[in-house]
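# fold the following and give me the result.
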Amino acid sequence: MRKVYMLAALVGALAVLTASCAQENRQSTQEEQDSSVQIGITFDSFVNDRWLRDRDVFVSAAQELGAEVNVQSANGDLSEQVAQVDYFIQKKMDVIVIVQVASGEEVDDLVDAVTRAKKAGIPVICYDRLILNADADLYISFDNVEVGRLMAEHMVEHLNGEGSIIQICGPLVDYNVPQVMSGFEEVLGESDIEIELVEHADEWKPEVGFSVTESYLDNMGVGESLAGIMCGNDGLAGQAIRALSERRLAGSVCVVGQDADLEACQRIVEGTQCMTVYKPVEQLARRAEELAMELAQDGSIETEETISDGSYDIPYEKLEPVAVTKENMDEVITGKYHEESDIYRNVRN
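Residues are numbered from 1 along each chain as shown. This is a model prediction of the structure:
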C-alpha cells in the first residue's frame with residue numbers, strides 16, 4: 001500500500017513539474033515573440049513583379065535576423081497607404097518602411113503620417129522612393145542618377161552620338177524619375193543627340209509607352225526618323241516596342257529601359273530592346289532589412305551620404321546599378337536573376 005501511495009505521489013509530482021515546464025515554455029515563447037523586432041512595410045502595389053521580389057527577400061532577411069514583418073499593399077491608393085501607416089503606428093511597430101505610392105496625388109497626408117510615426121518614436125524608412133519634405137530616418141535606393149547615365153552612355157555609343165530620340169518617363173511624383181532624367185541628360189549633353197519629346201506616364205502605366213510612341217510615329221514629317229526611345233522602365237519599353245513592331249521598326253530603333261524584367265531580357269537577346277539597367281533588388285531589400293534592425297535597436301543611423309528631401313538632409317544609402325546588354329546578359333543576369341531557359345525561350349530550341 002505504501003508503494004502505491006509513493007507511486008501516486010511521484011506521478012503527481014511529475015505532472016506538476018510537467019505543467020510548470022509547459023507554462024514556462026509558453027511564457028518563454030510569448031516573451032520571445034513580444035521581444036522580436038516588429039517591422040511594418042507598405043508597398044505601392046504588387047502590379048509590378050519587381051515589388052514581389054523586394055517583398056520576398058525583405059521578409060526572408062527579416063526572419064533570418066529574428067524580426068517579424070507585417071506586409072501591406074496600398075494597391076496604388078495613397079489614402080490607403082496613409083491608413084496603413086496609421087495602422088502600423090497603432091500596432092506599435094518598431095520600424096515602418098514605405099514604398100511610396102507613385103500617383104499624381106498630393107503627398108501631404110503621407111508626410112503627416114510620417115510625422116505621426118516619428119512622434120510616436122517609430123523610425124521611418126523611405127524604400128526606393130524618397131518622400132519629399134518628410135524628414136524620414138533613412139532613404140535607401142539605387143544611384144538613380146547613375147541609372148540615367150548608363151542609359152545615355154549606351155544610347156550615345158549605339159547611335160554614334162547623333163539622332164533624334166524621345167523620352168517616356170515615369171511620373172514626376174516619383175522622386176527617382178527626375179534623378180534618372182538628370183543623369184540621362186547630363187551624358188546626352190555631350191553628344192549631338194536631340195530629345196524631341198518628353199512624356200510622363202501617370203502611375204507608371206505601361207500603355208503610355210504604346211500611345212506616345214504610336215502618336216510620335218504617326219506625326220513624323222517626311223524625311224524624319226526616330227533613332228531611339230528612352231523609357232523610364234521596362235514596362236514602358238515593352239509597350240513602346242509593341243508600337244514599333246506594328247510598323248516593322250522593332251530592332252531598328254534603340255530602346256533602353258530599367259529593372260531587368262524577364263520580358264526585357266528576352267527582348268534584348270531577341271534584338272528588339274538594346275539594354276536595360278539591372279538593379280539588384282535582393283541586395284537592396286536585404287540591406288534595407290539590416291538597416292531597419294539597426295534603427296529598431298539604436299533609434300538612429302549613420303550613413304556615408306545624406307540627401308535633401310526638399311526640407312531636410314536625411315541619411316542616404318545607395319546601391320550601384322548595372323547596365324545589361326546582349327553581350328553581358330549571361331555574366332550579370334543568367335542564373336542569378338532569371339534562368340537561362342526563360343531568358344532564351346524564344347531564340348533557342
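
# show me where this structure has helices.
2-35, 49-64, 78-90, 108-119, 144-158, 176-188, 207-218, 234-245, 262-270, 281-298, 329-332, 340-343 (DSSP state H).

# highest average neighbour count across the ones you listed?
Highest mean neighbour count of the helices of the chain: helix 234-245, a mean of 24 (counted as mean count of other Cβ atoms under 10 Å). For glycine as for every other residue, the C-beta is placed from the backbone atoms N, C-alpha and C.

# which strands or helices does that one pack on?
helix 207-218, strand 228-231, strand 254-256, helix 262-270 (3 or more Cβ pairs under 8 Å, 6 or more residues apart in numbering; DSSP states H and E).

# mean pLDDT and distance to Ala134 for the ones you listed - can I get that in a markdown table?
Converted to a markdown table, those look like this (pLDDT from 0 to 100; distance: least, Cβ to Cβ, whole Å):
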| stretch | mean pLDDT | distance to Ala134 |
| --- | --- | --- |
| helix 207-218 | 97 | 27 |
| strand 228-231 | 98 | 28 |
| strand 254-256 | 98 | 31 |
| helix 262-270 | 97 | 32 |
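
# could I get the helices of the chain as a markdown table with distance to Glu196?
Below are the helices of the chain laid out as a markdown table (distance: least, Cβ to Cβ, whole Å):
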| stretch | distance to Glu196 |
| --- | --- |
| helix 2-35 | 59 |
| helix 49-64 | 29 |
| helix 78-90 | 33 |
| helix 108-119 | 35 |
| helix 144-158 | 14 |
| helix 176-188 | 12 |
| helix 207-218 | 8 |
| helix 234-245 | 14 |
| helix 262-270 | 23 |
| helix 281-298 | 33 |
| helix 329-332 | 30 |
| helix 340-343 | 32 |
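
# so where is the stretch 51-200 of the chain shaky, pLDDT-wise?
104-105 (pLDDT under 70).

# quick one: which of the helices and strands packed on helix 234-245 is nearest Gly148?
strand 228-231 (8.6 Å; Cβ to Cβ).

# relative to the closest one, what are the paired strands and their orientations?
Here strand 228-231 has these sheet partners by DSSP bridges: strand 162-169 (parallel), strand 254-256 (parallel).

# great, nothing more from me.
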